[in-house]
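J.: sequence? don't have it. structure:
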């Protein structure tokens, strides 16, 4: 990565939107805290198991997946993982079981021991790219290619969004621009796929979106508007705190 370039990411935009002060602490002041929320930790472990499956193209029963999940959970666990007070009725075992259930749903709905890896061309793909005068970076969970169609996949362990919300969401648009900058081949179609792993029903678990020209124009305008807000905030050194229910998961208390 060129250290002279300033890169933006979807998570940065989300952080600024949720709380400009938190954005400043993380991305400008470079204050790093060793904390994880239990939800974030669980999501990372689930993602790592799926990365293991698709990278190694493993065909196995669910017991082996469960064992791998336990291994990664135990190996990655640390003392600074917290459960927000608002979630205090649940313990660590609850969240560990929830992550395993996410994997079980995905396994059951995607071929079980016969998960198809034949079309996968990228796993945890890191991409840097440019939109107008701004640089971006992202990591895509999985990319598939089949019969001239490129499919972008993103796994979610949290609460599903509505289709209306997803159509306005910038994350998959950023992924779209990233793959367009990396894969020069002309594709008949690029599909954007959200996988809500906590859903048992296949139609609810995987939501597919295809962007049209108007969608892309509006997303680009929205994205650049958000980036310019951050640029202007830096110039003015104005990063107010924004209090919301998300404060329950913030680890910058001090």
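T.: It's in. From a predicted model like this one, the values you see are computed outputs, not experimental measurements.
J.: okay, CA-based contacts and neighbour counts for the rest of this
T.: Fine.
J.: for this protein, which segments count as helices?
T.: 10-18, 20-23, 38-56, 62-76, 92-109, 163-168, 171-182, 202-205, 213-236 (DSSP state H).
J.: out of those, flag the one nearest residue 128.
T.: helix 171-182 (7.1 Å; CA to CA).
J.: pLDDT wise, what is residue 246 at?
T.: On pLDDT, residue 246 comes in at 88.
J.: so it versus residue 81, what's the distance?
T.: With distances defined as CA to CA, to the nearest Å, the gap from residue 246 to residue 81 amounts to 16 Å.
J.: could you give the number of residues near residue 89?
T.: 9 (other CA atoms under 10 Å).
J.: for it, phi and psi?
T.: Note on residue 89: its backbone torsions stand at phi -70, psi -10 [degrees, to the nearest 10].
J.: mind checking pLDDT for it?
T.: pLDDT for residue 89: 94.
J.: follow-up on the earlier one: more neighbours: which of residue 246 and residue 81?
T.: In this view residue 246 and residue 81 are compared by other CA under 10 Å, and residue 81 has more residues nearby, 16 against 11.
J.: tell me the bridge partners for that one.
T.: Note on residue 81: beta-bridge partners residue 36, judged by DSSP bridges.
J.: where does it land on pLDDT?
T.: Confidence at residue 81, expressed as pLDDT, is 95.
J.: OK, contacts around it?
T.: 35-38, 41 (CA atoms under 8 Å, 6 or more residues apart in numbering).
J.: turn these into CSV, including neighbour count.
T.: What follows is these, written out as CSV (neighbours: other CA atoms under 10 Å):
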residue, neighbour count
35, 15
36, 19
37, 17
38, 21
41, 21
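J.: will you turn these into TSV that also has pLDDT and distance to residue 228?
T.: TSV is the format used below for the contacts of residue 81 (pLDDT from 0 to 100; distance: CA to CA, whole Å):
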residue	pLDDT	distance to residue 228
35	91	30
36	92	29
37	94	30
38	96	33
41	97	31
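J.: reformat those into TSV and put distance to residue 100 next to each item.
T.: Formatted as TSV, the contacts of residue 81 follow (distance: CA to CA, whole Å):
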residue	distance to residue 100
35	22
36	19
37	17
38	14
41	13
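J.: residues near the nearest residue to residue 51 once chain neighbours are set aside, how many?
T.: With CA to CA, 6 or more residues apart in numbering as the criterion, residue 51 has its nearest non-adjacent residue at 6.4 Å, and that residue is residue 123. Around residue 123 sit 19 other residues, with neighbours defined as other CA under 10 Å.
J.: so what's residue 123 bridging to?
T.: Beta-bridge partners, per DSSP bridges, of residue 123: residue 142.
J.: shouldn't it be in contact with residue 152?
T.: No: the criterion here is CA atoms under 8 Å, and residue 123 misses it with residue 152 at 10.2 Å.
J.: distance check, the residue nearest to residue 51 against residue 149.
T.: 17 Å.
J.: any idea how far stretch 71-91 is from the middle of the chain?
T.: Remark: stretch 71-91 is offset 19 Å from the chain centroid, using CA atoms, centre = their mean, to the nearest Å.
J.: in it, what's buried?
T.: If you call a residue buried by 16 or more other CA atoms under 10 Å, then stretch 71-91 has these buried ones: 73, 81-84.
J.: over to stretch 210-229?
T.: 211, 219-220, 223, 227.
J.: what's the answer for stretch 142-149, then?
T.: 142-145.
J.: I'd like those residues as a markdown table, with distance to residue 131 and pLDDT appended.
T.: Shown next, in a markdown table, are the buried residues of stretch 142-149 (distance: CA to CA, whole Å; pLDDT from 0 to 100):
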| residue | distance to residue 131 | pLDDT |
| --- | --- | --- |
| 142 | 22 | 97 |
| 143 | 21 | 97 |
| 144 | 23 | 96 |
| 145 | 24 | 95 |
